[in-house]
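In: Have a look at this fold, sequence not included:
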């Protein structure tokens, strides 16, 4: 508990265990079914508490404080929106379009609220996290930039992605200390381009293979190629998509966390894309072979891998943080809970 | 020092809620108070101000004071002894969530709940909802389905206008059961690829295929098929199917969603077959009552059902393509219609005893 000076690397540690989580998970599933989904809000709180409390950094664990009733409220809203959207489309495409448009308009606001809920209800060493993002920023990140990306034939997609992450991280707080996000747009473009390059390479390989094995002219050549080399080509493409998505997911985490600071402390993240791909494939096989019973084990495995691949370069002492303003108003705790009473996760 | 002061001590990390600095304390119970002691001094927390987090695996337990500040306790066993001394009861879920026996029991109960829900609760709920769906919605569903079918699957009928009118009139004369609600009209179409059939849309539109009209010389047999289709409409079968398959789809997407969207769609189709078998029986029963009301024999329906089956089997044999059977099964005809002889026996017992 004593403060240390100087720099040191503190990795996140995840102590969750598959069998232990399996027992919690299966009871959650049962109660969710028996209550026709109502219990899912309580299940979410238990699940997150299990994950947070098993996540440790420098000998202290995280905690989750979300109120099940607030989550239930959020789920009812999300469910109603989903039904309204689907129902409107079935009924009349024009009405569906109107509802879709309205949904797009409220979505950024809802996302902002749910970020607030999520962070405010997370704590470490007795201090709450917080989110100071405003509606204006939310509409920029979740509406303006995605629309620009769409209009530019996705040339601006990496920029939009950066803006979303920037909005999320730059507005986050731990106690009274702000997170700082410094990942430049360039990094996002590089990541998107390398993913695209790998995919293009795979497609090129597939086409070459098709041209080499095909006999005849035109369509006939294509047909014969796919009859002989079809399975190989499919395998190449599937492998490429799997590899690229693992690569993207791993390097995105590294890029985002590797460029985030909290006060004097800098985060680091070294997720290996190869390990991530391996865990994904084996998890998928496990889940399919056990008709889903492996899901809790798969979740724990993935969480442990992702969390233990990152940490904090502690500069000075992690004890120096102090609570933010919201925290000092402890007497009005219930009031704040009322303010952040909606959790919508999409 | 009070005599009730427990000798059990547990070490914990104390955080005051204002800074991230932790302090090592030893925790004990003194009467109605939690006692937090460190080298620097001690804190007394009245038990009524303190909440103890439930046990969740081997995660640290938390003692939270209502006014801020908490203790993080890694020593599960020690805290359990302390709580037992304080006379605190455990929440029933704590036991359930940590026992292997209960996990297995939960697994069995899940299977039972899913099977029971699928077989009994879902059809029951879908019927209740379907019966309350407003006419406008059914009208929309019927219109859009017919439009889609006309675009992709159906051709205009080649029956003469006189013949069409004759059949429509005969159908109009068919007296409905007392509780009938829908208004009906027949549309004539042709579908050379699909074989003899007639089907009902949710709004009461009955699509009659030329191939069915040509299958029999007895118009009363055609009427019996129409009475059967009426059963589908009155009992809102299409709407119930849509509701049921949406729920099944939703649940499967939620469960399998993480794995693959593809896996989620296949079982939905397979599972629907069972529902439509029940619905066919229900429509048969409805037709039987309608026909008795109109002085017609239910055996007429049994007759044409057998003719229909014979014509479909002939189509299968006539088509040498290896895929024909698979195709037909995929279209749901064979799997969704209960064995014809079984239905025929129910409708016309006299016939089977011949």
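Out: Perfect, thanks for sending it. Values in this document were obtained by computation on a predicted structure and should not be read as measured data.
In: What is the subsequent helix or strand relative to the helix-or-strand element of chain B with minimal mean pLDDT?
Out: Counting by mean pLDDT, DSSP states H and E, chain B has its least confident helix or strand at helix B:333-336, which shows a mean of 44. Beyond helix B:333-336 in the direction of the C-terminus, DSSP states H and E gives the next helix or strand as helix B:340-347.
In: tell me which residues in that following helix are buried?
Out: Using 16 or more other Cβ atoms under 10 Å in any protein chain shown as the burial criterion, the residues of helix B:340-347 that qualify are B:340, B:343, B:344, B:346, B:347. Backbone N, C-alpha and C define where each C-beta goes, glycine included.
In: What pLDDT does the model give the closest residue to the first one other than its chain neighbours?
Out: Once flanking residues are discounted, residue B:340 sits nearest to residue B:309: 4.5 Å by Cβ to Cβ, 6 or more residues apart in numbering or on different chains. Residue B:309 is assigned a pLDDT of 82 by the prediction.
In: ok, now the one 5 residues further on?
Out: pLDDT recorded at residue B:314 is 78.
In: In which helix or strand does it reside?
Out: Here residue B:314, judged by DSSP H and E, is contained in helix B:299-318.
In: Quick check: mean pLDDT of the helix or strand where residue B:277 lies?
Out: Per DSSP H and E, residue B:277 falls inside helix B:261-293. Helix B:261-293 carries an average pLDDT of 69.
In: Show me which residues of the stretch 101-250 of chain A sit near chain B.
Out: For the stretch 101-250 of chain A, the residues in contact with chain B under the definition Cβ under 8 Å from any Cβ of the partner chain are A:124, A:125, A:126, A:127, A:175.
In: Recalculate using a threshold of 7 Å.
Out: Counting by Cβ under 7 Å from any Cβ of the partner chain, the positions of the stretch 101-250 of chain A adjacent to chain B are A:125, A:126, A:127, A:175.
In: Isn't the first one up against residue A:58?
Out: No. With contact taken as Cβ atoms under 7 Å, residue A:125 and residue A:58 are classed as non-touching, separated by 8.9 Å.
In: Comparing those two, which residue is more hemmed in?
Out: When residue A:125 and residue A:58 are compared on other Cβ atoms under 10 Å in any protein chain shown, the one with more neighbours turns out to be residue A:125, at 26 against 20.
In: can you pull the contacts of that one?
Out: With contacts defined as Cβ atoms under 7 Å, 6 or more residues apart in numbering or on different chains, residue A:125 is in contact with A:60, B:15, B:20, B:22.
In: Make JSON lines from these and add pLDDT and secondary structure to it.
Out: Formatted as JSON lines, the entries for those read as follows, by pLDDT from 0 to 100; DSSP: H, G, I helix; E, B strand; the rest coil:
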{"residue": "A:60", "pLDDT": "89", "secondary structure": "strand"}
{"residue": "B:15", "pLDDT": "91", "secondary structure": "strand"}
{"residue": "B:20", "pLDDT": "86", "secondary structure": "coil"}
{"residue": "B:22", "pLDDT": "86", "secondary structure": "strand"}
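In: so which of the residues you listed comes closest to residue A:290?
Out: Minimum separation from residue A:290 among those (Cβ to Cβ) is found for residue A:60, which lies at 34.9 Å.
In: beta partners of the closest one?
Out: With DSSP bridges applied, the residues forming beta bridges to residue A:60 are residue A:57.
In: Which positions in stretch B:75-90 come out as buried?
Out: In stretch B:75-90, counting by 16+ other Cβ under 10 Å, buried: B:75, B:78, B:79, B:82, B:83.
In: On the three-state scheme, the residue lying farthest from the centre of chain A is what?
Out: Note on chain A: the largest separation between a C-alpha and the mean C-alpha position, by Cα atoms, centre = their mean, falls on residue A:216 (48.5 Å). When states are read from DSSP: H, G, I helix; E, B strand; the rest coil, the local structure at residue A:216 comes out as coil.
In: need the contact list for it.
Out: With Cβ under 7 Å, 6+ apart, residue A:216 has these contacts: residue A:224.
In: Phi, psi for it please.
Out: phi 100, psi -160 (degrees, to the nearest 10).
In: show me where pLDDT drops low in chain A?
Out: Counting by pLDDT under 70, the low-confidence segments of chain A come to A:1-5, A:90-91, A:214, A:324-346.
In: at 50 instead, please
Out: Counting by pLDDT under 50, the ranges of chain A that qualify are A:1-4, A:327-342, A:344-346.
In: One more: the stretch 1-150 of chain B?
Out: Judged by pLDDT under 50, the stretches of the stretch 1-150 of chain B that qualify are B:1-3.
In: how about the helix holding residue B:314: buried residues?
Out: Across helix B:299-318, burial judged by 16+ other Cβ under 10 Å covers B:299-309, B:311-312, B:315-316.
In: tell me which of those residues is nearest to residue A:19?
Out: Using Cβ to Cβ, residue B:316 is the member of the buried residues of helix B:299-318 that sits closest to residue A:19, with 52.0 Å.
In: Now do that closest one against residue B:209, distance only.
Out: Using Cβ to Cβ, to the nearest Å, one obtains 18 Å as the distance from residue B:316 to residue B:209.
In: Likewise for residue A:87?
Out: From residue A:87 across to residue B:209, the span is 31 Å (Cβ to Cβ).
In: cool, residue B:127 as well?
Out: From residue B:127 across to residue B:209, the span is 28 Å (Cβ to Cβ).
In: ok, which residues in the stretch 1-150 of chain B are in contact with chain A?
Out: B:13, B:15-24, B:56-60, B:62, B:67-70, B:72, B:96-98, B:100, B:102-103, B:106-107, B:109-110, B:113-114, B:140.
In: at 8 Å what do you get?
Out: The stretch 1-150 of chain B has residues B:13, B:15-24, B:53, B:56-60, B:62, B:67-70, B:72, B:93, B:96-100, B:102-103, B:106-107, B:109-110, B:113-114, B:117, B:137, B:140 near chain A, with proximity defined as Cβ under 8 Å from any Cβ.
In: Sitting in helices, which of those residues do you find?
Out: B:93, B:96, B:100, B:102-103, B:106-107, B:109-110, B:113-114, B:137, B:140 (DSSP state H).
In: Which PyMOL command selects the buried ones in these?
Out: Filtering these down to the buried ones (16+ other Cβ under 10 Å) takes a single PyMOL command:
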select buried, chain B and resi 93+96+102+103+106+107+109+110+113+140
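In: Mind telling me the two of the ones in helices among the residues of the stretch 1-150 of chain B next to chain A farthest from one another?
Out: Between any two of those, the greatest separation by Cβ to Cβ is 52.1 Å, found for B:100 and B:140.
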